[in-house]
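[1] make a model of this:
(one chain, ligands or ions: 4)
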Amino acid sequence: MQLRAVAMEEGKDAIAIKANQSNSRVLPLRVLQFFVLFLFVSLGFSVVSMYAVKYFNVQGRILVPVAESNIRPCFEESSRLSSWIRPPSNLLHTMNDSELFWRASFMPRIKNYPFKRKPKIAFMFLTKGPLPLAPLWERFFKGNEDKYSIYIHSHPSYHADFPPKSVFHQRQIPSQVAEWGMMSMCDAERRLLANALLDMSNEWFVLLSESCIPLQNFSVIYLYLLRSRYSFVGSFDEDGPYGRGRYDENMAPEVNLTQWRKGAQWFEVNRKLALDIVVDTKYHPKFRDFCRPACYVDEHYFPTMLAIQSPHLLANRTLTWVDWSRGGAHPATFGKADITEEFFKKKINERSTCFYNNQPSSLCFLFARKFAPSALEPLLDLASKVFGF
Ligand SMILES: *[C@@H]1O[C@H](CO)[C@@H](O)[C@H](O)[C@H]1NC(C)=O
Ligand SMILES: *[C@@H]1O[C@H](CO)[C@@H](O)[C@H](O)[C@H]1NC(C)=O
Ligand SMILES: *[C@@H]1O[C@H](CO)[C@@H](O)[C@H](O)[C@H]1NC(C)=O
Ligand SMILES: *[C@@H]1O[C@H](CO)[C@@H](O)[C@H](O)[C@H]1NC(C)=O
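    Numbers count the residues shown, from 1 in each chain. Ligands and ions are numbered 1, 2, ... in the order given. Purely as a prediction, here's the structure:
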């Protein structure tokens, strides 16, 4: 039995080998036939297409689109309009200030956009480190995703770790040390503006600190800026040691004493003025060299420069409420115990009158400072009732 089985196995093998042999003899012949046929077809096709190209002169029309569709992914960056209007995906670029400011100074000269542009507010946070009031801002921004962008300039040694679902996640820009009252502070503000200018949709630029809060809901603030004829930069002529007293004659002829202005650091400017600030090389050296403490350059540089260049575009008042009534070099900071409904009704809203588009108005402030981290909890409790968000 075993022997038979072996023989059968061998027989099987023998048949298999035989079949293989006959296959290997048949295959080359078939391959050859196929190959020759292919050769003829190819030859015929290339002759026909050569004639077609010559006859119809369609070289450009046929060959180029084919080449383009193969190569396109490499060139997409610059070949489509969307690549020019898309905001940078990564805020942590490697440009230094000269490179960044130059890049930010690009400006379209055709006024009408050939696409649907939804103007956005750029919220620019100038901070030392953390944003203790972030949960309040998160609530404020919710539901308005297509109408704002956020930029944060903090101390370069600070590493933010906002979770991916936070509106502040990866919104940090490359930063440098900013010292209070020094030009480095204005340079940080210009850096924020330049980064925000890279997004073509940003139309209004609001400077805020970590102690600022919004006093109205997003729609009220958006419409207030949208409908305003002026930018909200504090800019006034003040007598005395804290105003004209800080002027240095070395600033002439670029800046005369009568042109000298003072205003709060916290501003709102439109795109045109943001660009003017970033491209300035005329006033910057004068203020850098001749406005040093006790001249606080962040209170004079932009208010003076903009009042000289574009007085007709300025509301000459700030949107950020602050309380100087306690006196001293710094305004009052409010904590947990201060935050009540009364506080916002009485202290901020009832007392204010101002001009909005040359008409008297009682809505003068959209933001307020300074609020301590301990104020967060009561602020969240009051937000829907008092601020409307
Ligand atoms: C930025 O880099 C360029 C090229 O290296 C250099 O010429 C320029 O001085 C730098 N600017 C600043 C502000 O560091
Ligand atoms: C500034 O004042 C000087 C002399 O007082 C005058 O010559 C110059 O025109 C003034 N400049 C401006 C811009 O007003
Ligand atoms: C702001 O002040 C400038 C002078 O610095 C003036 O020309 C301008 O009309 C003022 N703006 C408003 C809205 O009053
Ligand atoms: C925002 O606040 C205004 C006035 O307080 C209110 O009329 C409006 O309904 C609020 N909008 C939203 C979206 O909550």
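[2] now name the helix or strand holding residue 149.
    When elements are assigned from DSSP states H and E, residue 149 belongs to strand 148-153.
[3] export that strand as CSV, just CAs?
    Once non-C-alpha atoms are left out, strand 148-153 reads as follows in CSV (Å, rounded to 0.1, in the frame of the first residue of the first chain):
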residue,chain,number,x,y,z
TYR,A,148,-12.7,86.6,15.3
SER,A,149,-9.1,85.5,15.5
ILE,A,150,-6.9,85.5,18.6
TYR,A,151,-3.2,86.3,19.0
ILE,A,152,-1.2,86.0,22.3
HIS,A,153,2.1,87.7,23.0
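[4] list the helices and strands the very next helix or strand once past it packs on?
    Proceeding C-terminally, strand 148-153 gives way to helix 183-197 as the next helix or strand, assigned by DSSP H and E. When contacts are defined as 3 or more C-beta pairs under 8 Å, 6 or more residues apart in numbering; DSSP states H and E, helix 183-197 sits against helix 97-104, strand 120-126, strand 148-153, strand 202-209, helix 271-279, helix 284-290, helix 301-309. For glycine as for every other residue, the C-beta is placed from the backbone atoms N, C-alpha and C.
[5] does helix 183-197 reach ligand 1?
    No. No part of helix 183-197 sits near ligand 1 under the criterion C-beta under 6 Å from any ligand atom; the closest distance found is 9.7 Å.
[6] next, the angle helix 97-104 makes with that helix.
    The directions of helix 183-197 and helix 97-104 differ by 40 degrees, with axes from the mean of the first three to the mean of the last three C-alpha atoms, to 10 degrees as the criterion.
[7] distance of the residue lying closest to residue 377 once chain neighbours are set aside from residue 374?
    Nearest non-adjacent residue to residue 377, counting by C-beta to C-beta, 6 or more residues apart in numbering: residue 336, 6.9 Å away. Distance from residue 336 to residue 374, counting by C-beta to C-beta, to the nearest Å: 4 Å.
[8] nearest to ligand 3: which residue in the stretch 101-250 of the chain?
    When distances are taken as C-beta to the nearest ligand atom, the stretch 101-250 of the chain reaches nearest to ligand 3 at residue 230, 5.2 Å away.
[9] give me the phi and psi for that residue.
    Dihedral pair for residue 230: phi -120, psi 160, per degrees, to the nearest 10.
[10] report the contact partners of it.
    If a contact means C-beta atoms under 8 Å, 6 or more residues apart in numbering, then residue 230 has 313-315, 357 as its contacts.
[11] quick one: buried ones out of the residues you listed?
    Among those, those scoring as buried are 313-315 (criterion: 16 or more other C-beta atoms under 10 Å).
[12] can I get the helices and strands packed on helix 183-197 in TSV with mean pLDDT?
    Converted to TSV, these look like this (pLDDT from 0 to 100):
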stretch	mean pLDDT
helix 97-104	98
strand 120-126	98
strand 148-153	98
strand 202-209	98
helix 271-279	98
helix 284-290	98
helix 301-309	98
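[13] who wins for proximity to residue 242 among these?
    helix 301-309 (13.3 Å; C-beta to C-beta).
[14] tilt between the closest one and helix 183-197?
    Per the same axes, to 10 degrees, the angle that helix 301-309 makes with helix 183-197 is 70 degrees.
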